[in-house]
Structures are given as structure tokens and as C-alpha cells.
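Engineer: output the structure for:
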Amino acid sequence: MNAFETYLVNLTKTTPAPLFVRLSEYNFLRQNFDDPGYRFSQVFEPQVLQELAMLNPLDIDQLEQLNYGVHDHYQSVPWMLRHLQHVTNPQKINLANFLISVCRYALARRVFATIETRQLPARFLRDYHLLGFLLTNRTGQQSQSSEDHLSAILSMVKAGQLQPAEVAHIAAQAIVWNVKDGSVSTSTADTFISLAAQVMERTRDLNVKADWYRAYAMVPAYRTGDSKATTHMMDLAEAAAREAHERDPATVNSLKTVYESRVKEYLHVSRDYALAEQYGARLIQLDPVWSLSYGEMAEVFEAQGNFQAALTYLEKAVELGAPYTQYHRYNKGRMLVKLERYEEALRDMRTISQADPTCLSAVAVGLKLSNHLQDQDHRAHFQQAWTQLEMDNHLTTHHHNFMASEALA
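Structural biologist: All right, here's what the predicted structure looks like:
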């Protein structure tokens, strides 16, 4: 297991550790569970833990429930879970936030359900609704919707109960989820944008400014495709993140997330591939053992038709491992197809489908490749997987159209 897997599975930090692991442990250690304001370095979807269980292999139920020993300063977590009746409501909010940070969503939902809002101190109400908002968007299994939680927070904003930095942070979340999947309506996002614009001048927190302008840049990028407006906002975000990092190197995560967004900006909005490469290289320099940065760099080279360079970065991403090992291996297979290295691509698709027989894309590409190569052994494997997916009603018109097409990937 790499350092990311070791941390999520065993709650143990090993070296060399990516920035996510270092910051996640720091955030846990710095947080007084009787105070609001738990910080996240990055939040992953529940499927990330499922992938770790699948690839190692581990029992997913045991993994999700933390039904095994943990060590050092994390021993308080299973104790609180066993004695929830003795844990205060504010402590439950912080406990649930920590559980989300390590992808234990089932446990976080269980803790969240026991929080008694009538007994919750007013200064924790924002954290309570942000927690509910996060659980809803990541799992879709809460009784209240994202809009319900944001409406409660909006009432707090209008009553003057939140600081400018808090307003900007929530507005950034509203923008992200409006753009990402529409779970936050455009009207709600625009309301928060208006409120944040009014208070941004009053906050001196450079990290908040960086996060806000980075999120706000998504509005022209996705709504109108206005590259100049997007670049202007991203310039403001980068300037704030750089200044924050110069003052305090511990704020490196703001700079990293800005660099990630700049790669996407230059790749998808302005299509300035030279600058996209430049920021991708900066990302890797900041966090050289983080597989996702290599995967992003591969996207830049694929967009330019440089499939060999893209393959090189994807091979490194697969070598580094989780998170998203299967995704990187699949894209590696796609590059091999583009380079007409079909046998190697077929082996990658088989590796993916053996670990996860429900991976539709890998099964479809593997079946096409095995037919093309007339490889009977691989064809038997993928045909069986395809038949099972069809019996389980997982296949869509898109998948059938792909099989009928001449494309191999």
C-alpha cells in the first residue's frame, strides 16, 4: 500500500507522504473537538474507499466500520464511536467531519443522525448544516436536501451571524456544486455569489480570497466560456495563494488547488497547452508522490495528440497508486490503443475488470480489443463479464453503440 492507502486504511502516516496525508493528520491534531471549524485538505467520494478494499483486497464492511485496531492519536475515534451516548453534539460534528475526511461516510451518517440540533450551541449551527450539505452531496442519503441546508445557512448570513470569510467559503461551495452536478440551483448559487461579493473586501484571509476567486472563476468558465474573465479571476486567486504561501508555507494547499484549477482553465477554457503544461509541472513539483497530478498532466498531452507523453505520465500515476488507480490504468490502456499497442492495452483492461467486473468501460474496450486481436482466452473473459452486465441491466445505449462502432477505445 502507498502512503495514501495506509493512511485511509490504518490511520497511519508513512513517508514519503502526499500533501493530502500530511494535511489531513495536521487538521485532525490541531482540532479541538469542542470548537467549530474542522478543516479539510480534500474530500473524496465514497468510491475511493471501495477501490482500496477491492485492490488490496480488504473486507469493505470491516473497513467502512473501522472494526479493527488503530494506533497513536487516532485511538479516540473508535472509542467515541463505541460510546456515542457520552459524546457531546459539538464533538459529534467534528467526529463526523473527520470520518468524512477518511471516506467513512456510513459512520459519518450514523453520527450525524444522533446530533440533537435543539441542544446545539449557536456557533455550531453553520458547521452542522455544512456537514449535512456535504453528506447529501457525497452520498445522496440524507433526509434533507442540499438546498435545505443552504437555506438554513442563508438565514444565518442574513441575520449577520457569519463572518465574511465563512460567507465566502460557503458561496464557493455553492458555486462548485452548482457547476458540478446541479445539486445547488443557479438561483441559490447566485444569491450566495452576491452576498460573498459584498463581504469579500472585508476579509483579510488570503486563503479565503484564493478559494473564493478560484471558485468564482468557474462561473464565466462554465456559463459563458469567457476565457478572459476566467483568467482574471484565476490571476486574483493565484496572487492571493502565492502571498499566503510566502507568509506561511503551511498554506501550500491553497496554492496547490489553484494550480490544479489553472491546469483545467488552460486545458479546457483558453486551450493554452503550454501554460497548462507549466502549471502541471508546478503541481508535480509541489507534491511529487501524488498520482492525480500525473493524471492531469497526461490530459494536457492527450489534448495535444502527444499520446506517448500522456502514456508516460499515466504509467507514473499507476505506479504511484491510489487514489483513482483504476481510472489511471484505464486511461493508460486508452493511450496504448491510440499508439496501436493493443496487446498491452488488453492486459490493462483485463486487470481492471478482474478487480472490478462492473467496470463497464473496461469490459467494453476489452471485448472490442479481444475480438480485434482474435484472442479467445481474453474474449471468453470479457464476453462473460459483458453478458453478466447485460443480465444485471447495467448496459446502456451508449455501450451498445460503442460495440457497434469501429472505435476500439
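Engineer: measure stretch 298-312 end to end?
Structural biologist: One end of stretch 298-312 to the other measures 8 Å (Cα to Cα, to the nearest Å).
Engineer: same question for stretch 269-277.
Structural biologist: Rule used - Cα to Cα; the end-to-end distance of stretch 269-277 is 14 Å.
Engineer: what sits up against stretch 201-218?
Structural biologist: Stretch 201-218 is contacted from outside by 163-165, 168-169, 171-173, 175-176, 179, 193, 196, 200, 229-230, 233-234, 236-238, 240-241, 243-244, 247, 251, 254-255, 257-258, 261, 265, using Cβ atoms under 8 Å, 6 or more residues apart in numbering. Where you see a C-beta, it was placed from the backbone N, CA and C, and this is true even at glycine.
Engineer: cool, and stretch 74-86?
Structural biologist: Contact with stretch 74-86 is made by 11, 28, 66, 70, 87, 91-92, 95, 98-99, 107, 111, 114, as judged by Cβ under 8 Å, 6+ apart.
Engineer: got the buried residues for whichever strand or helix holds Leu63?
Structural biologist: Taking DSSP states H and E as the definition, Leu63 sits inside helix 60-65. For helix 60-65, the neighbour count (16 or more other Cβ atoms under 10 Å) marks 63-64 as buried.
Engineer: for stretch 368-386, same thing?
Structural biologist: Buried, per 16+ other Cβ under 10 Å, within stretch 368-386: 368-370, 375, 378-379, 381-383, 385-386.
Engineer: taking those one by one, which sit in helices?
Structural biologist: 368-370, 378-379, 381-383, 385-386 (DSSP state H).
Engineer: now these as JSON lines including pLDDT?
Structural biologist: Formatted as JSON lines, those follow (pLDDT from 0 to 100):
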{"residue": "Lys368", "pLDDT": "96"}
{"residue": "Leu369", "pLDDT": "97"}
{"residue": "Ser370", "pLDDT": "97"}
{"residue": "His378", "pLDDT": "96"}
{"residue": "Arg379", "pLDDT": "96"}
{"residue": "His381", "pLDDT": "96"}
{"residue": "Phe382", "pLDDT": "97"}
{"residue": "Gln383", "pLDDT": "96"}
{"residue": "Ala385", "pLDDT": "96"}
{"residue": "Trp386", "pLDDT": "96"}
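Engineer: will you turn the residues you listed into a markdown table that also has distance to Gln119?
Structural biologist: Shown next, in a markdown table, are those (distance: Cβ to Cβ, whole Å):
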| residue | distance to Gln119 |
| --- | --- |
| Lys368 | 59 |
| Leu369 | 59 |
| Ser370 | 61 |
| His378 | 60 |
| Arg379 | 62 |
| His381 | 56 |
| Phe382 | 56 |
| Gln383 | 59 |
| Ala385 | 52 |
| Trp386 | 54 |
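Engineer: count the neighbours of Leu135 for me.
Structural biologist: Using other Cβ atoms under 10 Å, Leu135 has 22 neighbouring residues.
Engineer: kindly apply the preceding question to Leu131 instead.
Structural biologist: 24.
Engineer: helix, strand or coil for it?
Structural biologist: Following DSSP: H, G, I helix; E, B strand; the rest coil, we place Leu131 in the helix state.
Engineer: which residues touch it?
Structural biologist: Contacts of Leu131 by Cβ under 8 Å, 6+ apart are 93, 96-97, 100, 108, 112.
Engineer: now Phe307
Structural biologist: Phe307 neighbours (Cβ under 8 Å, 6+ apart): 301, 335, 338-339.
Engineer: and it, how far from Asp34?
Structural biologist: The gap separating Phe307 from Asp34 is 54 Å, by Cβ to Cβ, to the nearest Å.
Engineer: what sits up against stretch 351-359?
Structural biologist: So stretch 351-359 is contacted by 54-55, 326, 329-330, 333, 362-363, 366, 381-382, 385, 388-389, 394 (Cβ under 8 Å, 6+ apart).
Engineer: tell me the buried residues in that stretch?
Structural biologist: 351-353, 355-357, 359.
Engineer: follow-up on the earlier one: who wins on neighbours among the contacts of Leu131?
Structural biologist: Most neighbours among those, by other Cβ under 10 Å: Ala96, with 28 neighbours.
Engineer: test my guess that that residue contacts Ala106.
Structural biologist: No: distance between Ala96 and Ala106: 11.2 Å, which falls outside the contact criterion (Cβ atoms under 8 Å).
Engineer: tell me the phi and psi of the most centrally placed residue in the chain?
Structural biologist: Residue closest to the mean C-alpha point of the chain, counted by Cα atoms, centre = their mean, is Phe44 at 4.0 Å. Listed backbone geometry of Phe44 is phi -100, psi 160, with angles given as degrees, to the nearest 10.
Engineer: setting aside sequence neighbours, what's the nearest residue to it?
Structural biologist: Cys103 (5.5 Å; Cβ to Cβ, 6 or more residues apart in numbering).
Engineer: what's the neighbour count on that neighbour?
Structural biologist: Neighbours around Cys103, by other Cβ under 10 Å: 24.
Engineer: Leu286 now?
Structural biologist: Counted by other Cβ under 10 Å, the residues lying close to Leu286 total 17.
Engineer: do Glu277 as well
Structural biologist: Number of residues near Glu277 (other Cβ under 10 Å) recorded here: 18.
Engineer: which is the succeeding secondary structure element to the helix or strand hosting it?
Structural biologist: Element membership for Glu277 (DSSP H and E) is helix 273-286. Downstream of helix 273-286, the next assigned helix or strand under DSSP H and E is helix 291-303.
Engineer: hmm, who's touching that next one?
Structural biologist: Contacts of helix 291-303 (Cβ under 8 Å, 6+ apart): 260, 263-264, 267, 271, 273, 276-277, 280-281, 283-284, 286-287, 307, 309-311, 313-314, 316-318, 320-325, 327-328, 331, 335.
Engineer: rewinding a little: restricting to C-alpha, output the helix or strand just after the helix holding Leu63 in PDB.
Structural biologist: For helix 60-65, the succeeding helix or strand toward the C-terminus, using DSSP H and E, is helix 76-82. Output of helix 76-82 as PDB, limited to C-alpha atoms (Å, rounded to 0.1, in the frame of the first residue of the first chain):
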ATOM      1  CA  SER A  76     -10.000   8.300  20.400                       C
ATOM      2  CA  VAL A  77     -12.100   7.800  17.200                       C
ATOM      3  CA  PRO A  78     -13.200   4.200  17.700                       C
ATOM      4  CA  TRP A  79     -13.700   5.000  21.500                       C
ATOM      5  CA  MET A  80     -16.100   7.800  20.600                       C
ATOM      6  CA  LEU A  81     -17.900   5.600  18.100                       C
ATOM      7  CA  ARG A  82     -18.400   2.900  20.700                       C
END
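Engineer: no further questions, thank you.
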